[in-house]
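Visitor: okay, predicted coordinates and the sequence, questions at the end:
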Amino acid sequence: MAYVLDTPRLASLPVAGSNDRFPVRRVYCVGRNYADHAVEMGADPMREPPFFFSKPTDAVFAVSEGVGGIIAPSEVPYPPQTRDLQFEIELVVAIGRTAESVSAAEALDAVWGYSVGVDLTRRDLQNVAKESRRPWDLSKGFDASGPCTQVVPAGSLGHPSVGAIWLSVNGDMRQRGDLADQIWSVGEVISHLSMSVRLLPGDLIFTGTPAGVGPISPGDHVVGEVDGVGRLEFTVV
């Protein structure tokens, strides 16, 4: 069998301490998983069931490698159709085993490793979509909207549940929180999502962001980190 078009390049992330790569199958994101961020977005910070949205697989890339070989290393392109591009620093979970209707206690067995990512958002498009009660896929799922670090295997890292998560722009601290502030733990997030879809090896889950999200512009230098997991650094071009 032959395909009538060239097959798309498989999205993947480098693996820490290895020449191997983590293949990316699907990308899920948790909305409002830190109470202080829920408040700043005008939402109720109560512990309600988590909700999810998705990004295209090829929106994810390692910032040290650029986008599709076109963008220079550590550069992220400012997307079209927005005047309000915003950052959201997040712990990213890399799934390595099938998880279907698993409990929170079982969920961590499905984790292959962890990364640090930024959920870039065209906030003005999202706000218009919300006001119009329309889907806001394109506010989250545009090209190069998911820069990430390399994936660190859980076998060497463990499963981080506490530790600082922060992001700065041009040296000014914009976001600072702790993984312990998450409303839903990693295990609970995986469990909830696995009730709706069968999670398979290669799936990524962005686990939410602390308060302080805000705009970035071309020329801005962004640095973000999750203690013990990794540091991400890029310039908006």
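Guide: It's in.
Visitor: burial count for residue 193?
Guide: Counted with other CB atoms under 10 Å, residues neighbouring residue 193 total 22. In this view, the C-beta of every residue, glycine as well, is placed from N, C-alpha and C.
Visitor: remind me which helix or strand it belongs to.
Guide: Here residue 193, judged by DSSP states H and E, is contained in helix 186-194.
Visitor: now for that helix, which elements pack on it?
Guide: Applying 3 or more CB pairs under 8 Å, 6 or more residues apart in numbering; DSSP states H and E, one finds that helix 186-194 makes contact with strand 89-95, helix 104-107, strand 204-206.
Visitor: which residues does it contact?
Guide: Helix 186-194 is contacted from outside by 28, 30, 33, 49-50, 52, 91, 93, 95, 99-108, 110-111, 159, 161, 184, 199, 205, 207, using CB atoms under 8 Å, 6 or more residues apart in numbering.
Visitor: repeat that for 7 Å
Guide: 28, 30, 49-50, 52, 93, 99-105, 107-108, 110, 159, 199, 205, 207 (CB atoms under 7 Å, 6 or more residues apart in numbering).
Visitor: how far off strand 89-95 does that helix point, in degrees?
Guide: Using axes from the mean of the first three to the mean of the last three CA atoms, to 10 degrees, the inter-axis angle of helix 186-194 relative to strand 89-95 is 70 degrees.
Visitor: what pairs with the residue most central in space within the chain across the strands?
Guide: Geometric centre of the chain, nearest residue: residue 206, 3.6 Å, by CA atoms, centre = their mean. Beta bridges link residue 206 to residue 29, residue 92, judged by DSSP bridges.
Visitor: what pLDDT does it get?
Guide: The score at residue 206 is 98. That number is its pLDDT.
Visitor: touching, it and residue 116? I think so.
Guide: No - Residue 206 lies out of contact with residue 116 (CB atoms under 7 Å); the separation is 10.1 Å.
Visitor: for the two, list the residues in contact with both.
Guide: Common neighbours of residue 206 and residue 116 (CB under 7 Å, 6+ apart) are residue 92.
Visitor: give me the below-cutoff pLDDT ranges for the protein.
Guide: Within the chain, the stretches with pLDDT under 70 are 37-47, 64-73.
Visitor: ok, now with 90
Guide: 1, 8-9, 17, 31-32, 34-50, 63-74 (pLDDT under 90).
Visitor: show me where it has helices.
Guide: Counting by DSSP state H, the chain has helices at residues 35-40, 104-107, 123-131, 137-140, 154-157, 186-194.
Visitor: deepest-packed of those helices, please.
Guide: helix 186-194 (a mean of 22; mean count of other CB atoms under 10 Å).
Visitor: so what's the gap between it and the chain middle?
Guide: Distance of helix 186-194 from the chain centroid (CA atoms, centre = their mean, to the nearest Å) equals 15 Å.
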